Each structure stands twice: as C-alpha cells, then as structure tokens.
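Student: no sequence on this one, just coordinates:
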C-alpha cells in the first residue's frame, strides 16, 4: 500500500505486525476517500469534489495521488 507511506521503513520487531497495521490503515484511508466522493480511480473523470486519484500498480498495490486541496 503506497498511500502516504514510506515502504522502505520496516517494523523494528520484524514480526510484520506494524506492516499489516499500515496496510489496513492505507486501505481504510482509500475506502474513506471513495465513500466521501473525494477520490476517483485513474482514468475516471474527476468531479468538483475530487481531491485524490487512486492508481492500481502492476503488483496490485493501490497508490494515492493528491490532485488539489478543497
């Protein structure tokens, strides 16, 4: 998940718990943007409320790019 994260940073514990928590937080962020109508998927026409564009990477990850501030 690339939403506002630095994927080169890893958990100090090495058990993957914070990686999983970060992935879930990123998915929640994207879900909330879509639910509020503030995001569209790449290739869709932005609306006046659109502030972010979501792109699916080749490996299946979703990344978020900010278009503008409201």
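Tutor: Right, received. Where do you want to start? Since this is a predicted model, take the numbers as computed values, not measurements. Residues are numbered from 1 along each chain as shown.

Student: show me what whichever strand or helix holds residue 32 is packed against.
Tutor: Taking DSSP states H and E as the criterion, residue 32 maps to helix 17-35. Here helix 17-35 is seen to pack against strand 52-56, strand 62-66 when contacts are counted using 3 or more CB pairs under 8 Å, 6 or more residues apart in numbering; DSSP states H and E. Where C-beta positions appear, they are placed from N, C-alpha and C, glycine not excepted.

Student: may I have the strands that pair with the last one, each with its orientation?
Tutor: If you go by DSSP bridges, strand 62-66 pairs up with strand 52-56 (antiparallel).

Student: okay, the angle between the partner strand and helix 17-35?
Tutor: Between the direction of strand 52-56 and that of helix 17-35, the angle (axes from the mean of the first three to the mean of the last three CA atoms, to 10 degrees) works out to 120 degrees.

Student: what sits up against strand 52-56?
Tutor: Strand 52-56 is contacted by residues 30, 33-34, 38-42, 46, 62-67 when judged by CB atoms under 8 Å, 6 or more residues apart in numbering.
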